[in-house]
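Asks: Okay, here's the prediction I keep looking at, along with the sequence it came from:
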Amino acid sequence: MRGPALSGVFLLLAGLAAAQEIPFPERRSGRDQMAPETRAMQADDEANPGMLWVLDGADLFARAPTPGAPACAACHEAGALRGVAARYPAWDEAEARPVDLEGRINLCRTRHQGAAPLPREGRDLLALTAYIANQSRGLPIAPPADSRLDPARATGRALFERPLGQLRFSCAGCHDAHWGRHLGAAPIPQGHPNGYPLYRLEWQGLGSLQRRLRNCLAGMRAEPFAPDSPEATALALYLMQRAAPLPVETPAVRP
Amino acid sequence: MSPDRRAVLAGGLALVLLRPAAAATLRPDREPTAEAIRRFTGGAPVNPGRVGLDMPPLVENGNTVPLSITVESPMSAADHVRRIGVFNEKNPQPHVVTLHLGPRAGRAAVATRIRLADSQRITAIAEMSDGSYWSASADAIVTLAACVEG
Amino acid sequence: MARALINMPKTAPAGSVIEIKTLISHPMETGYRPGPDGRLRPRDIITEFVCHYDGAEIFRAELSPASAANPYLTFTTLATASGTLRFTWSGDNGFSQSQDVALTVT
């Protein structure tokens, strides 16, 4: 019953002005559009349910993934990963491609820990990612000035601006052109990735940026990108550039 | 939108479109809220007052709704809150939570998070140590999240 | 073990009221949601939370499917004497978990 109603709103949005990238001073975290109760849930580490994953991640970080292999903590001192989440996705030399933070964790596992990659959206990978990203909380998003990332960023921007799916909507059509307005009763955010992994009340749990993008694309009646696909990483790269210098909020809470 | 909310919303639509008897078959086993409250109070009268119920009037997502309750009580051995029962009108079951307190609580101030399947009224009823019952109600409008799967 | 997060002061003056906040990882599956195969997923919830202070019950909650996932409960207690607070969650499918936190009363 919701589909037709929302499609109507989408059709209204579709005919409006072409999108332009949001200028630096106007960039706003989705946090600013949330109800005070939801903001309070995020702000208090004693009440933020995302902290359950952060604490799980701290345990996983300190524990050897396979007997005899080093734990993450054997190489990375406590706090040494502060800032990392603010600059991922980043270029990986050996793979010769950009990888996101989840991908980086899995590369560490296969290269240095003799362990299998953790499944995307599984509790352990979300927990480790949340633990690492939480160390960057409060730091501004700072994408690396690495020219090898430029082609993927350009691809990401093209994906963001291109009409996709059966409804022919683009990400930009909502999140650049109409942020601050409403889709049904829900405020349209600018759509920044500065709180992932985050606790979405809709999910009743923690989820990644890739899961959120899948939700967006499903709403657009478009084929979701596979996590860890070049398209997914390219879009994440562009989103990070588009979000700078908003602060990292992991674990954010969103409706 | 989670499927349970969808089911309840679909039920709401059915109430409009179908005969009430047909709609009722969707949840044939739902205990009426008044009956659940009667079981909690044993049929004793419930007075309005002494209970403070804090819930956002506009809920961003019915999956997680913050709820806090305070009761005016000295919380002494002689005069305290024994229990607080919370009830809803439109979830599949009328009971939300029952909280057992006592004089060792020091204060009657509790908080939790609840699910609301639809816009509705929530009622909190406190049972005092003298056997009296006091209550407060609050209404919430539940809005729907945009761009969700399934 | 499900991750639980208990926040309360480590020390408190005798006779003061302390606030205790608890969170625990649990899906609180309602029993009213269909799974991917269209059938209702069976109910799987925490049905009871109890806090004992040196063996005496000071707070108890009876939970229903209307409690949100990852249940959050806050309550208060009088700091009477140095001792141990035991937090116990129990529910469907044999779920049972306890965690102790020491309180020093000055």
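Replies: Now that the structure is in, tell me what you want to look at.

Asks: make it CA atoms for all contacts and neighbour counts henceforth
Replies: Will do.

Asks: and residue C:17, how many neighbours?
Replies: Residue neighbour count, defined by other C-alpha atoms under 10 Å in any protein chain shown, stands at 17 for residue C:17.

Asks: For chain C, give me the ranges with low pLDDT.
Replies: Within chain C, no range satisfies pLDDT under 70.

Asks: Quick check: residues of it near chain A?
Replies: C:3-7, C:21-25, C:27, C:68-70, C:72 (C-alpha under 8 Å from any C-alpha of the partner chain).

Asks: ok but residue A:172 is inside a helix, no?
Replies: Yes. According to DSSP: H, G, I helix; E, B strand; the rest coil, residue A:172 belongs to a helix.

Asks: one step back: show me the two of the residues of chain C next to chain A that sit farthest apart.
Replies: C:7 and C:27 (20.9 Å; C-alpha to C-alpha).

Asks: Find the residue closest to the most centrally placed residue in chain A in space, skipping its chain neighbours.
Replies: Closest to where the C-alpha atoms of chain A average out (C-alpha atoms, centre = their mean) is residue A:209, at 3.0 Å. Of all residues beyond its chain neighbours, the one nearest residue A:209 is residue A:196 (5.9 Å), with distances taken as C-alpha to C-alpha, 6 or more residues apart in numbering or on different chains.

Asks: and the residue nearest the centre of chain B, what is it in contact with?
Replies: What sits nearest the mean C-alpha location of chain B, by C-alpha atoms, centre = their mean, is residue B:87, with 2.9 Å. Applying C-alpha atoms under 8 Å, 6 or more residues apart in numbering or on different chains, we find residue B:87 in contact with B:33, B:36-37, B:94-97, B:122-124.

Asks: just the CA coordinates of whichever strand or helix holds residue B:36, formatted as PDB?
Replies: Using DSSP states H and E, residue B:36 maps to helix B:33-41. Provided in PDB are the C-alpha atoms of helix B:33-41 (Å, rounded to 0.1, in the frame of the first residue of the first chain):
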ATOM      1  CA  THR B  33      -6.700  -3.700  26.200                       C
ATOM      2  CA  ALA B  34      -9.400  -3.100  28.900                       C
ATOM      3  CA  GLU B  35      -9.300  -6.800  29.700                       C
ATOM      4  CA  ALA B  36      -5.500  -6.800  30.100                       C
ATOM      5  CA  ILE B  37      -5.700  -3.800  32.400                       C
ATOM      6  CA  ARG B  38      -8.500  -5.500  34.400                       C
ATOM      7  CA  ARG B  39      -6.200  -8.500  34.900                       C
ATOM      8  CA  PHE B  40      -3.400  -6.200  36.100                       C
ATOM      9  CA  THR B  41      -5.600  -4.300  38.600                       C
END
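
Asks: For the helix or strand following it, give me every contacting residue.
Replies: Beyond helix B:33-41 on the C-terminal side, the first helix or strand identified by DSSP H and E is strand B:46-48. Outside strand B:46-48, the residues that touch it by C-alpha under 8 Å, 6+ apart are B:125, B:132-136.

Asks: top of these by neighbour count?
Replies: Busiest of the contacts of strand B:46-48 [other C-alpha under 10 Å] is residue B:125, holding 28 neighbours.

Asks: Report how many residues lie close to residue 34.
Replies: Just going to use chain A. Using other C-alpha under 10 Å: residue A:34 sits among 18 other residues.

Asks: wrong chain, I was asking about chain C
Replies: Residue C:34 has 16 nearby residues by other C-alpha under 10 Å.

Asks: That one touches residue C:41, doesn't it?
Replies: Yes. Residue C:34 is in contact with residue C:41 according to C-alpha atoms under 8 Å; the separation is 5.5 Å.

Asks: still on that earlier bit, buried members of the residues of chain C next to chain A into PyMOL, please.
Replies: To isolate the buried members of the residues of chain C next to chain A in PyMOL, using 16 or more other C-alpha atoms under 10 Å in any protein chain shown:
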select buried, chain C and resi 3+4+5+6+7+21+22+23+24+25+68+69+70+72
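
Asks: so which of the residues of chain C next to chain A also contact chain B?
Replies: Answer for those near chain B (C-alpha under 8 Å from any C-alpha): C:68-69, C:72.

Asks: Let me know the closest of those residues to chain A.
Replies: Taking C-alpha to the nearest C-alpha as the measure, chain A sits nearest to residue C:69 out of these, at 6.0 Å.

Asks: Secondary structure element holding the closest one?
Replies: Going by DSSP H and E, residue C:69 is not in any helix or strand.

Asks: Touching, it and residue C:28? I think so.
Replies: Yes. Because the distance of 4.9 Å satisfies C-alpha under 8 Å, residue C:69 is recorded as touching residue C:28.

Asks: quick revisit: which of the contacts of strand B:46-48 come close to chain A?
Replies: Applying C-alpha under 8 Å from any C-alpha to these, none is adjacent to chain A.

Asks: So which residues on chain C come close to chain B?
Replies: C:17, C:32-34, C:58-69, C:71-78.

Asks: Looking at those residues, which are in helices?
Replies: Secondary structure assignment by DSSP state H places none of the residues of chain C next to chain B in helices.

Asks: So which of these are in strands?
Replies: C:17, C:58-63, C:72-78 (DSSP state E).

Asks: now, the most widely separated pair of the residues you listed?
Replies: C:17 and C:63 (24.7 Å).

Asks: Tell me where the stretch 101-250 of chain A has helices.
Replies: Using DSSP state H, counting those that start in this stretch, the helices of the stretch 101-250 of chain A run over residues A:101-112, A:123-134, A:150-161, A:171-175, A:209-219, A:230-243.

Asks: pLDDT value on the residue nearest to the centre of chain A, please?
Replies: Per-residue confidence at residue A:209 stands at 97 (pLDDT).

Asks: Next, the contact list for it, please.
Replies: A:193, A:196-197, A:236.

Asks: same check, this time on residue A:200
Replies: Here residue A:200 is in contact with A:206-207, A:253-255 (C-alpha under 8 Å, 6+ apart).

Asks: For the residue of chain A positioned farthest from its centre, give me the backbone phi and psi.
Replies: For chain A, the residue at maximal distance from the C-alpha centroid (C-alpha atoms, centre = their mean) is residue A:68, at 32.9 Å. Per-residue torsions, residue A:68: phi 90, psi -20 (degrees, to the nearest 10).

Asks: Need the per-residue pLDDT for it.
Replies: 90.

Asks: Let me know how buried residue A:210 is, in neighbour terms.
Replies: By other C-alpha under 10 Å, neighbour count at residue A:210 equals 23.

Asks: Surely it and residue A:227 touch.
Replies: Yes. Between residue A:210 and residue A:227 there is a contact at 6.0 Å, judged by C-alpha under 8 Å.

Asks: How is chain A divided into domains?
Replies: A:2-44+A:146-254, A:51-134 (automatic domain parsing).

Asks: Which one of those has the poorest average confidence?
Replies: Looking at the domains of chain A, the weakest mean confidence is domain A:2-44+A:146-254, a mean of 89.

Asks: Return the set of residues that bridge with the residue nearest to residue C:89 when sequence neighbours are not counted.
Replies: Take residue C:89 and drop its neighbours on the chain: the residue closest to it by C-alpha to C-alpha, 6+ apart is residue C:49, 4.5 Å away. On the basis of DSSP bridges, residue C:49 takes part in beta bridges with residue C:61, residue C:89.

Asks: Residue B:66 versus residue C:49, what's the distance?
Replies: For residue C:49, the distance to residue B:66 (C-alpha to C-alpha, to the nearest Å) stands at 18 Å.

Asks: Spatially nearest residue to residue 106 (excluding sequence neighbours)?
Replies: Here I'm looking at chain A. Residue A:106's closest residue in space is residue A:117 (C-alpha to C-alpha, 6+ apart), at 4.8 Å.

Asks: wrong one, I was asking about chain C
Replies: residue C:13 (4.8 Å).

Asks: same thing with residue A:146?
Replies: residue A:91 (7.8 Å).

Asks: What is the three-state secondary structure of that neighbour?
Replies: Applying three-state DSSP: residue A:91 is strand.

Asks: That concludes my questions; thank you for your assistance.
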